[in-house]
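Chemist: Structure for this input, please:
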Amino acid sequence: SQESQFLTLLIGLGDQNVYFSSLMLVLSSQESQFLTLLIGLGYQNVYSSSLMLVLRSQESQFLTLLIGLGYQNVYSSSQLLGFSSQLLGISLLLLVNSEQMLVISSQLLVISFGMLVLSSRILDTSSQILDIISQILVISLRLGC
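Modeler: This is a model prediction of the structure:
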């Protein structure tokens with residue numbers, strides 16, 4: 001009877017051992033799944049880090065592009081400023097030349113008016129000379145007859 005109880009105890013201990021072994025297998029399987037999850041999270045972290053590096057690199061390139069565009073804008077503005085100052089200089093020269101041309105034109109107008117008056121006097125003088133010549137002809141015709 002004690003032997004039977006001992007065998008029953010041994011069988012019960014064997015069942016307990018099988019139960020603990022299967023429990024250990026389940027725990028080992030869950031530990032394996034947990035380790036797999038941790039490894040997956042590690043890969044995910046590496047992927048996220050590399051993605052952040054790519055984004056930082058693109059952000060740096062974008063900032064470099066913006067800085068380059070800013071320099072380009074400053075360069076274009078300085079060129080436009082130089083061109084505007086050249087146009088202003090040309091406009092001033094044209095204004096001075098226009099003023100000089102106006103003075104020259106007014107002087108030419110005065111000279112033309114003077115020549116017109118002189119031509120009128122010469123015409124009057126020529127008319128008087130023709131009158132004298134015609135009187136001389138009339139006198140010489142009377143004397144000749």
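Chemist: Which parts of the chain are helices?
Modeler: Here the chain has its helices, by DSSP state H, at 2-144.
Chemist: gap between the residue most central in space within the chain and residue 63?
Modeler: Central residue of the chain (C-alpha atoms, centre = their mean): residue 73, 4.7 Å from the mean position. Here residue 73 is placed at a distance of 15 Å from residue 63 (C-beta to C-beta, to the nearest Å). The way it works is simple: take the backbone N, C-alpha and C, and place the C-beta from them, glycine included.
Chemist: can you check residue 39 too?
Modeler: Residue 39 is 36 Å from residue 63, by C-beta to C-beta.
Chemist: for residue 103, same thing?
Modeler: For residue 103, the distance to residue 63 equals 60 Å [C-beta to C-beta].
Chemist: what's the answer for residue 130, then?
Modeler: 97 Å.
Chemist: pLDDT at residue 112, what is it?
Modeler: For residue 112, the model assigns a pLDDT of 90.
Chemist: I'd like to know how many residues surround it.
Modeler: 10 (other C-beta atoms under 10 Å).
Chemist: Could you do the one 5 residues further on as well?
Modeler: Around residue 117 there are 10 other residues, counting by other C-beta under 10 Å.
Chemist: Then residue 55?
Modeler: Considering only other C-beta under 10 Å, residue 55 is surrounded by 10 other residues.
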